[in-house]
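Asks: 3D, please:
(one chain, ligands or ions: 1)
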Amino acid sequence: MPIYQQFIKHILNPLDLWRSGDYAEIRYFKEFERTQFLSPDELQELAWARLRRILDRAYRHIPYYKESFDRAGIVPSDIKTDTDMLSVPLLDKRDLQEHFDQLFDPQWSKDDLILDKTGGSTGTPVNYYYSHDRKWSRQAAALRHDCWTGYDVGYRRAALWGAARDMPPLGWKQKLKGMIFPKELMLNAAGMTPENMLQFNEQLKRWRPLIILAYASAAAVFAMFLKQNGIVPYQPKAIITSAEVLMPEYRKVINEVFEAPVFNRFGTREFSVIASECDHHKGMHIMTEGLYVEILKDGRHAEPDEIGEVVVTDLLNDPMPLIRYRLKDTTSRIAGTCSCGRHLPRIADVAGRVTDFLVGMDGRFCVGPSLALPIVGQRPSLGQVQILQEEYGKLLYRIGGGKNRTLNQDDIDFIRQQTEAYLGKGMQIDFEYVDSIPHEASGKYIFSRSKIAQEMFQ
Ligand SMILES: [Zn+2]
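Replies: Below is the predicted model of the structure:
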């Protein structure tokens, strides 16, 4: 590691964390660096001690859980095995919206907590609180997973990201700090026009980040653009994709164009990093020390390789622990241990958000974003495209660029042909022209949304 990076890592960064009262992040980081190599039994013991503790606290202090446990006829001491967890009631976004105040431990003062909200990619945004201690463990977990890519504190990073609130306007203090701590170059994933993408590449070449953190679809569209236009791309050491489904096609084109390994990551606003890929690239390791993750299929735990819905319990957020929270994302467990030596259990790349799935003519499911590259990636001149499915057998393509815009016959034929290849023949396709397709509050771009799929998973 170059001397300046070492200086940042060992002196400036700890001093800065100590000054801001966030030094505990380093304590958590050291802990997670160690616990990732515990044996499977030791890890299980650690996670279960935390799970029992959080269930017990929730039952004693949080009105909502007291009531829901009582209604289910259980007490925390009944929960001794993974199968026992199935009797704990599930929690979904609507519960969080409707019972916000009952889901909170009244012993805590809200002034001492951090209020955040989800981006609302599957509906209305929801609020939730977490403690400063949870902030430190979340940041330490994210850092541990960043380090799996070869990154370390003190190196430069870039983010092809869209969440406006993650990019606060800089005051002079932050600007000065940014000069001493080269942290992140932010590239706005909400503005992926050809001109902007050209500029992103130039900015990256000047900034020379070691890693790029990116929305999966944004990285794929960027890679495809550089490839099609014969532009020499900036080559980072690694690309971390997150926040959206990483389609195998996305991984391939990102890998090929940037000549850098892709590390997929699964995280949400509510839990931060849930699982992350290591340098052996055989699935994503779960953040077991802080989260209890279940994959459900028909009310039971899914078998390895069997796709099911992800349900998460936060083990470290005392004031407002989310217990068996339904994320509406789907994936599968991977059996066995990873050759990297970490015993954190693994899951496969997230197969899709239930609302992303489009339903084909023969009832087949197609992950909506898998149509992004064959359509927008192949023909960037289409601009903003979004696919909505309200009824079986019908698709509505919303096209940005103004209400007076109409696609030419060649573009329409192209879209029909690509759609049929993925969803079967006979689908009715309609077009609607709009000024622009807004990104979600989180900055994520929703490429497809299906009401039918959503209803099927309810
Ligand atoms: Zn591994």
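
Asks: ok, then the element right after the helix or strand of the chain with the lowest mean pLDDT?
Replies: Sorting the helices and strands of the chain by mean pLDDT, DSSP states H and E puts helix 172-180 at the bottom, at a mean of 58. Counting by DSSP states H and E, the next helix or strand C-terminal to helix 172-180 is strand 184-188.

Asks: now that next one: mean pLDDT?
Replies: In this model, strand 184-188 has a mean pLDDT of 85.

Asks: each with direction, which strands does it pair with?
Replies: On the basis of DSSP bridges, the sheet neighbours of strand 184-188 come out as strand 157-161 (parallel).

Asks: now do the strand it pairs with: distance to the chain's middle.
Replies: Distance of strand 157-161 from its chain centroid, counting by CA atoms, centre = their mean, to the nearest Å, is 14 Å.

Asks: go on, stretch 239-251?
Replies: For stretch 239-251, the gap between its own C-alpha mean and the chain's C-alpha mean amounts to 10 Å (CA atoms, centre = their mean).

Asks: tell me which residues in it are buried?
Replies: For stretch 239-251, the neighbour count (16 or more other CB atoms under 10 Å) marks 239-247, 249-251 as buried. Where you see a C-beta, it was placed from the backbone N, CA and C, and this is true even at glycine.

Asks: give the contact list for the spatially closest residue to residue 402 that is not a sequence neighbour.
Replies: Computed as CB to CB, 6 or more residues apart in numbering, the closest residue to residue 402 that is not its neighbour in sequence is residue 435, at 5.8 Å. Counting by CB atoms under 8 Å, 6 or more residues apart in numbering, residue 435 makes contact with 400-403.

Asks: kindly report the same for residue 46.
Replies: Residue 46 makes contact with 35, 38, 288-289, according to CB under 8 Å, 6+ apart.

Asks: which residues of the stretch 101-250 of the chain score low on pLDDT?
Replies: Scanning the stretch 101-250 of the chain for pLDDT under 70 picks out 119-124, 162-183, 190-191.

Asks: can you tell me the helix or strand for the residue nearest to residue 402?
Replies: Counting by DSSP H and E, residue 435 is part of no helix or strand.

Asks: look up how far the ion lies from it.
Replies: From residue 435 across to the ion, the span is 46 Å (CB to the ion, to the nearest Å).

Asks: isn't residue 5 right up against residue 152?
Replies: Yes: counting by CB atoms under 8 Å, residue 5 touches residue 152, with 7.1 Å between them.

Asks: how about the residues of the stretch 301-450 of the chain by the ion?
Replies: 338, 340, 342 (CB under 5 Å from the ion).

Asks: any chance of CSV for the residues you listed, columns neighbour count?
Replies: Compiled in CSV, those are given as follows (neighbours: other CB atoms under 10 Å):
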residue, neighbour count
338, 19
340, 16
342, 19
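
Asks: ok, of these, which one's closest to residue 272?
Replies: For those, the minimum distance to residue 272 (CB to CB) is 18.4 Å, reached by residue 342.

Asks: now do the phi/psi pair for the residue lying closest to residue 208 once chain neighbours are set aside.
Replies: Leaving aside its sequence neighbours, residue 208 sits nearest to residue 156 (CB to CB, 6+ apart; 6.5 Å). Backbone geometry at residue 156, expressed as degrees, to the nearest 10, gives phi -80, psi 150.

Asks: in this protein, what residue sits furthest out from the centroid?
Replies: The outermost residue of the chain relative to its centre, with distances by CA atoms, centre = their mean, is residue 409 at 37.2 Å.

Asks: contact partners for residue 352?
Replies: 245, 329-330, 367-369.

Asks: buried subset of those residues, written for PyMOL?
Replies: Buried members of the contacts of residue 352, defined by 16+ other CB under 10 Å, are picked up in PyMOL with:
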select buried, resi 245+329+330+367+368+369
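
Asks: the contacts of residue 352 into JSON lines, with extra columns for secondary structure?
Replies: What follows is those, written out as JSON lines (DSSP: H, G, I helix; E, B strand; the rest coil):
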{"residue": "245", "secondary structure": "coil"}
{"residue": "329", "secondary structure": "strand"}
{"residue": "330", "secondary structure": "strand"}
{"residue": "367", "secondary structure": "strand"}
{"residue": "368", "secondary structure": "helix"}
{"residue": "369", "secondary structure": "helix"}
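
Asks: now, which of the contacts of residue 352 sits nearest residue 88?
Replies: The closest of the contacts of residue 352 to residue 88 turns out to be residue 329 (CB to CB; 19.5 Å).

Asks: touching, the closest one and residue 309? I think so.
Replies: Yes: between residue 329 and residue 309 there is a contact under CB under 8 Å: 7.3 Å.

Asks: neighbours around the residue in the stretch 151-300 of the chain that the ion sits nearest to, how many?
Replies: Closest contact between the stretch 151-300 of the chain and the ion, by CB to the ion, is at residue 278 (3.3 Å). Other residues lying near residue 278 total 21 when counted by other CB atoms under 10 Å.

Asks: any idea how far it lies from residue 342?
Replies: For residue 278, the distance to residue 342 (CB to CB, to the nearest Å) stands at 6 Å.

Asks: list residues touching both of the two?
Replies: Common neighbours of residue 278 and residue 342 (CB under 8 Å, 6+ apart) are residue 285.

Asks: I'd say residue 316 and residue 50 touch.
Replies: Yes: at 7.0 Å, residue 316 and residue 50 qualify as touching, with contact defined as CB under 8 Å.

Asks: those two: who's more crowded?
Replies: Set residue 316 next to residue 50 and count neighbours by other CB under 10 Å: residue 316 wins out with 22 against 19.

Asks: give me the distance between the more buried one and residue 21.
Replies: Distance from residue 316 to residue 21, by CB to CB: 18 Å.

Asks: what of residue 154?
Replies: For residue 154 relative to residue 21 (CB to CB), the value is 21 Å.

Asks: can you check residue 436 too?
Replies: Residue 436 is 42 Å from residue 21, by CB to CB.

Asks: mind listing what's buried along the lengthiest helix in the chain?
Replies: The longest helix of the chain (DSSP state H) is helix 40-61. Across helix 40-61, burial judged by 16+ other CB under 10 Å covers 43, 47-48, 50-51, 54-55, 57-59, 61.
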